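Enquirer: sequence isn't available, so here's the structure alone:
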Ligand code: HEC
């Protein structure tokens, strides 16, 4: 009897998740490494939110709280980020900066 490998699909999913997750978790980021909100946004958030992978999060009338909560808890396909990856001060500064962006009707996606 031929044994069937039943783990092929989950393994592929894991590999896909790793491909997405590795670039910003692999290089041992720690608290206090973010120079400013733009640095954090461009190194982490932009990988998904400015590439068409995830919806834009700029000019959406979100409150600062919504950014903080989503980043800490994750949301569906979005992974949660720990304090060792994004420290509280950097996250709050980014959240406040993003929340202050006025509502935008037309969204420009940077490629
Ligand atoms: C791995 C890709 C990825 C990264 C990196 C990422 N996000 Fe997301 N994010 C997503 C996806 C996918 C969604 C949509 C999930 C959903 O539908 O709930 C999302 C949703 C969100 C939402 C909720 C949008 C809404 O409609 O309510 C916010 C806020 C958000 N992300 C903020 C951030 C911030 C801030 C960062 C950077 C610190 C970040 N994300 C990094 C993938 C990512």
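Expert: That came in fine, so what should we check first? Since this is a predicted model, take the numbers as computed values, not measurements. Residues are numbered from 1 along each chain as shown.
Enquirer: enumerate the residues of the protein near the ligand.
Expert: Taking C-beta under 6 Å from any ligand atom as the contact definition, the chain meets the ligand at 20, 44-45, 47-49, 53-55, 57, 62, 66-67, 70-71, 75-79, 86. (Each C-beta comes from the backbone N, C-alpha and C, glycine too.)
Enquirer: just the buried members of the residues you listed?
Expert: Buried members of the residues of the chain next to the ligand, scored by 16 or more other C-beta atoms under 10 Å, are 44, 45, 48, 49, 57, 66, 67, 70, 71, 78, 86.
Enquirer: among the residues you listed, name the ones in helices.
Expert: Secondary structure assignment by DSSP state H places 48, 49, 66, 67, 70, 71 of these in helices.
Enquirer: what's the mean pLDDT across stretch 78-88?
Expert: Across stretch 78-88, the average pLDDT comes to 97.
Enquirer: may I see the buried residues of it?
Expert: Going by 16+ other C-beta under 10 Å, stretch 78-88 has these buried residues: 78, 81, 85, 86, 87.
Enquirer: closest one of the residues you listed to residue 95?
Expert: The shortest approach to residue 95 among the buried residues of stretch 78-88 belongs to residue 86, at 10.4 Å (C-beta to C-beta).
Enquirer: so what's the closest one up against?
Expert: 34, 40, 44, 71 (C-beta atoms under 8 Å, 6 or more residues apart in numbering).
Enquirer: and residue 99, by the same measure?
Expert: 62, 63, 64, 66, 67.
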